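S.K.: fold the following for me, if possible:
(2 chains)
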Number of protein chains: 2
Amino acid sequence: MDDSEDPLSGLRQRIQAAFDPKLFEAMGHALIARLFQQAEATTSGESTVLNWHSPETNVAVARGSLTANLPTSTESLVERFQQLVSGALARGHNLHNPKYIGHQVPAPVPIAGLFDAIGSITNQVMAVYEMGPWATAIERALIEKLGAQLGLEAGRFWGIVTHGGSLANLTALLTARNVMLRDVWEQGLAGSSRPPVLLAQADSHYCIARSAGILGLGTKQVLKVPLDGRRRMNPRELDAMLTSLRKDQTPIVAVSASACATPIGAFDPLNEVADVCEKHGVWLHVDAAHGGAVAFSEKHRHLIEGIERADSLICDAHKTLFVPALCAFVFYKDGQHRFETFRQEAPYLFDPSAPGMAEYDSGTATLECTKRAAVYGLWGTWALFGPTLFRDMIDVTFETAARLHEMLRLADDFETLHDPECNIVVFRYLPKNHENWTKAEIGELNRRIRRQLIESGEFYIVQTNLDGIGALRVCVMNPLTDESHCRKLLEAIRRLGSENSRNVLSG
Amino acid sequence: MDDSEDPLSGLRQRIQAAFDPKLFEAMGHALIARLFQQAEATTSGESTVLNWHSPETNVAVARGSLTANLPTSTESLVERFQQLVSGALARGHNLHNPKYIGHQVPAPVPIAGLFDAIGSITNQVMAVYEMGPWATAIERALIEKLGAQLGLEAGRFWGIVTHGGSLANLTALLTARNVMLRDVWEQGLAGSSRPPVLLAQADSHYCIARSAGILGLGTKQVLKVPLDGRRRMNPRELDAMLTSLRKDQTPIVAVSASACATPIGAFDPLNEVADVCEKHGVWLHVDAAHGGAVAFSEKHRHLIEGIERADSLICDAHKTLFVPALCAFVFYKDGQHRFETFRQEAPYLFDPSAPGMAEYDSGTATLECTKRAAVYGLWGTWALFGPTLFRDMIDVTFETAARLHEMLRLADDFETLHDPECNIVVFRYLPKNHENWTKAEIGELNRRIRRQLIESGEFYIVQTNLDGIGALRVCVMNPLTDESHCRKLLEAIRRLGSENSRNVLSG
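M.R.: Take a look at the predicted model:
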């Protein structure tokens, strides 16, 4: 058929224009140039941090971007591309600004994002080895290295990467459920006469209780293990709970410990917890989403001593290994347990003519079927800079948090609320004559301070509740943050605190 | 403190070098130049498709890349970066080669990957609006547009984006479970005397049965709804099953229909299925991961007529909207149902001082807590090229599949196995004197052909089982594929079929 006669030829021309390598090249270089400008402005601290606009405003602008007139020439396409990129940056969050010290989401190594783009632009995916052979290979190599760094036994442990800590915890707890409650995968939980329980550190992340809800155990079946004075799991209390549960013959899915828990960054005493779990024959899971990375630091690795004794554990590279979201690792001490997560096959995926290949098909062990090539960023960062960069970033961010804490401790108009074990610092600003304020009023003042602080773009920090009262929370997730930024943060809070004190008291 | 005295200063210097915008700029431009070369070689079809190496070889090379000597100068860092990029491309999969016609994973619009890189490099994430304000805004705007395109009622429906079709189905079925079985979220399933069931199209994706396993229902509680002659859900059979289940008072979580199912791309008759579900008051879920995108095509949108009647449905933009993985949409016909998925809060996330904001906090409705900014690619593609590009890509890939099917139908040495409804074509090569072959032998021959075909890098297609016998499966997921590639595919299969026929018969 002559091309001109084919009713598809017009469509093909438009598609070829959109897929044209030269258009990609022009836009790609324009993107890098714009991101370079952005990097200079943000890392130097000249930019705002969060570019605040109300959700309603941003959604209205976003809507408009989808209904604008379409450019037709290459030149106008590139111009429109640049406008869209600039618009996205102008309305986004500048995590590389050293005054970003907010959620447990890092200012990532910028080059990690470039490596990530290789996987994205060429769409390397997993589920089956064939679809992402290099993605699979670097994932397996990184699992070996990270597992070894965490002290897991080579040849025995096994790991897999998934889309974030919540999914990683869910995957591990699903495996624990299927191992500890035989036949539940096939038969379901209905009909089991004794409702099983999950024990969790009282401060554990909300995704642990959610996992119980998702897995059909029920969120009310999560028993909170009491904490010690440093908000760490109390192993004696755990022992008492397990003794009582065993006596009642209550089925136990797992004990979920934290390294660290989110509120103040407390690390559970894993060796003592593991002793108790071994004594009672209970599956130990450790949520080390935030803290697993201390394995790279000689100074801080003591915080996770005993982690290698956990039956399952998770570690988020997109937190304290400073790569872009999402790249979460699940590890099993006994690699055989990976076969317990699911028990299915899809004929067009798992090829009986190449049975050994299934060992490398990630879809057999993850909640995702098609999985993004999530490890390119971590792989490239490791290959270029080695594990010393991870150690440096842990040591610097933890020490910066310690110095911030020391500044707060020495100041009369701040209240420290814990001794930081990592890069998380929770505190409150105290107004003049705060003896005359209620705790709730002080909490409310701190909340107002934070909201003004972040909406101005001057700093980005987080608010939390500690013992029911609002507090400020800093997590040093930008390795470029230093004491000068901490000092400026205190000044900014004092200024806003003074301005707002009258308003809070007057209601 | 003088910087030179600070024990952190050496660490800070190394970190600043890794975060240096100029290093990023140099590597960024080098990356674009290399990806441009790759795009030229792949889109023209000059490259191999899959670069095949055994998993063991690739893992060994990957291991080596993590233990190589580290470069120190900027120049040697950039050189090493280029080597790593080239190595990753040389061992990856070239989906942009028009001879890639394999899994339901697209050759994405290359510029979508550039947009994706903005989110990744600057690490825009969600969970809370503040962390990814623009990411949240474009997600909401795209949900509005895509929902409208699917025929959902504005102001009533609601949607959310998650990491892939399997998670999207799990999220929707979790919601259905919580709505249909009150109190299960809190109380769990243990103790319920009547085990609930989930009804699923007999050919539905394996993640549906997995969802039943994960949710504590049990994979054996999935009842398969029989198919008609075109492998579509048979509404009369569904009616009979629901009548019987209602009579027995068996709790019903949902009916899961497919648009389309994966084996041959069959679309269930959604209006008839919806009639039956309404009659029995049952939650209808539609897995439109692959087929939802036909909403953009006047020619093909009839395939999903009635989809707007589903209580929940999913649609993967990283399939037939041709953006990189992962970007999956979950929709609820009644937006109020989004509050049923989970019932928790994390105080440091959901800020009581800004209660209206929770409406925009995606973490309230997704399995992920930290969520990647998954919609940048789709947003940018839509904003640059408009919905006409999606229509063009659907129409071209579907028509190319139809033309391939016609070639196969007219050839004596191929067996067609269905009339394609979309871009999926399943068929078998038939050797000379195939009357003397068993079906199993023919299946085995087809498997061998495929393995040689993909390992040579000449083409990438998939194998599957149909009625227990191996078959070849093409999914036209590259809009650059045309009839000339289809003709060459047939030639390549014939060549390999002839070479292998003797081997299969001799055992």
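S.K.: and the helices in the stretch 201-350 of chain A?
M.R.: Using DSSP state H, counting those that start in this stretch, the helices of the stretch 201-350 of chain A run over A:206-214, A:235-247, A:270-280, A:317-320.
S.K.: what count of nearby residues applies to the residue in chain A positioned nearest to chain B?
M.R.: Closest residue of chain A to chain B, CB to the nearest CB: residue A:216 (1.7 Å). All C-beta atoms are positioned from the backbone trio N, CA, C, and that covers glycine. When neighbours are counted by other CB atoms under 10 Å in any protein chain shown, residue A:216 registers 30.
S.K.: quick check: it touching residue B:189?
M.R.: Yes: using CB atoms under 8 Å, residue A:216 is in contact with residue B:189, at 4.3 Å.
S.K.: if we can go back for a sec, list the contacts for the residue of chain A closest to chain B?
M.R.: Residue A:216 sits next to A:188-189, B:184, B:188-190, B:215-217 when contact means CB atoms under 8 Å, 6 or more residues apart in numbering or on different chains.
S.K.: residue A:70: what secondary structure?
M.R.: coil (DSSP: H, G, I helix; E, B strand; the rest coil).
S.K.: could you find the closest non-adjacent residue to it?
M.R.: Leaving aside its sequence neighbours, residue A:70 sits nearest to residue B:386 (CB to CB, 6 or more residues apart in numbering or on different chains; 4.8 Å).
S.K.: ok, how many other residues are close to that neighbour?
M.R.: Residue B:386 has 15 nearby residues by other CB under 10 Å.
S.K.: show me where chain A has strands.
M.R.: Remark: strands assigned in chain A by DSSP state E are A:125-126, A:158-162, A:197-201, A:222-225, A:252-258, A:284-287, A:312-316, A:328-332, A:371-372, A:414-416, A:424-429, A:462-466, A:469-475.
S.K.: adding mean pLDDT, mean neighbour count and distance to residue B:165, write those out as TSV.
M.R.: Listed next are the strands of chain A as TSV, based on pLDDT from 0 to 100; neighbours: other CB atoms under 10 Å in any protein chain shown; distance: least, CB to CB, whole Å:
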stretch	mean pLDDT	mean neighbour count	distance to residue B:165
strand A:125-126	96	28	12
strand A:158-162	97	25	15
strand A:197-201	98	26	28
strand A:222-225	98	19	29
strand A:252-258	98	28	28
strand A:284-287	98	30	27
strand A:312-316	98	30	23
strand A:328-332	98	28	19
strand A:371-372	97	28	11
strand A:414-416	97	19	47
strand A:424-429	98	26	35
strand A:462-466	93	22	33
strand A:469-475	97	24	33
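S.K.: how about those strands in TSV, adding distance to residue A:503?
M.R.: Output for these, formatted as TSV (distance: least, CB to CB, whole Å):
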stretch	distance to residue A:503
strand A:125-126	52
strand A:158-162	45
strand A:197-201	38
strand A:222-225	37
strand A:252-258	37
strand A:284-287	39
strand A:312-316	39
strand A:328-332	42
strand A:371-372	46
strand A:414-416	20
strand A:424-429	14
strand A:462-466	17
strand A:469-475	15
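S.K.: contacting residues around stretch A:382-397?
M.R.: A:109, A:111, A:142, A:145, A:149, A:293-294, A:296-300, A:320-322, A:381, A:423, A:476-479, A:481, B:8, B:11-12, B:14-15, B:18, B:65-66, B:68, B:70-71, B:77, B:80-81, B:84.
S.K.: hang on, I meant stretch A:150-157
M.R.: A:144, A:147-148, A:292, A:295, A:304, A:307-308, A:313, A:315, A:331-335.
S.K.: please redo it, this time with the cut-off set to 7 Å
M.R.: The contact list for stretch A:150-157 (CB atoms under 7 Å, 6 or more residues apart in numbering or on different chains) reads A:147-148, A:292, A:295, A:307-308, A:331-335.
S.K.: now the residues you listed: which count as buried?
M.R.: A:147, A:292, A:295, A:307-308, A:331-333, A:335 (16 or more other CB atoms under 10 Å in any protein chain shown).
S.K.: which one of these is nearest residue B:374?
M.R.: If you rank those by distance to residue B:374 using CB to CB, residue A:292 comes first, at 24.4 Å.
S.K.: residue A:319 is in contact with that closest one, correct?
M.R.: No: Residue A:292 is beyond contact range of residue A:319, at 8.6 Å (criterion: CB atoms under 7 Å).
S.K.: from start to finish, how long is stretch A:39-55 in a straight line?
M.R.: Start-to-end span of stretch A:39-55 (CA to CA, to the nearest Å) is 25 Å.
S.K.: that older thread, quickly list what's touching both of residue A:216 and residue B:189.
M.R.: A:189, B:216.
S.K.: picking up where we left off before, for the contacts of residue A:216, pick the one with the most neighbours.
M.R.: residue B:216 (30 neighbours).
S.K.: please determine how far the residue lying closest to it once chain neighbours are set aside is located from residue B:28.
M.R.: Leaving aside its sequence neighbours, residue B:216 sits nearest to residue A:216 (CB to CB, 6+ apart; 1.7 Å). Here residue A:216 is placed at a distance of 47 Å from residue B:28 (CB to CB, to the nearest Å).
S.K.: any weak-confidence spans in chain A?
M.R.: A:1-4, A:344-356, A:505-507 (pLDDT under 70).
S.K.: top helix in it by residue count?
M.R.: In chain A, with assignment by DSSP state H, the single longest helix is helix A:376-410.
S.K.: okay, the angle between that helix and strand A:424-429?
M.R.: Put simply, helix A:376-410 runs at 40 degrees to strand A:424-429, going by axes from the mean of the first three to the mean of the last three CA atoms, to 10 degrees.
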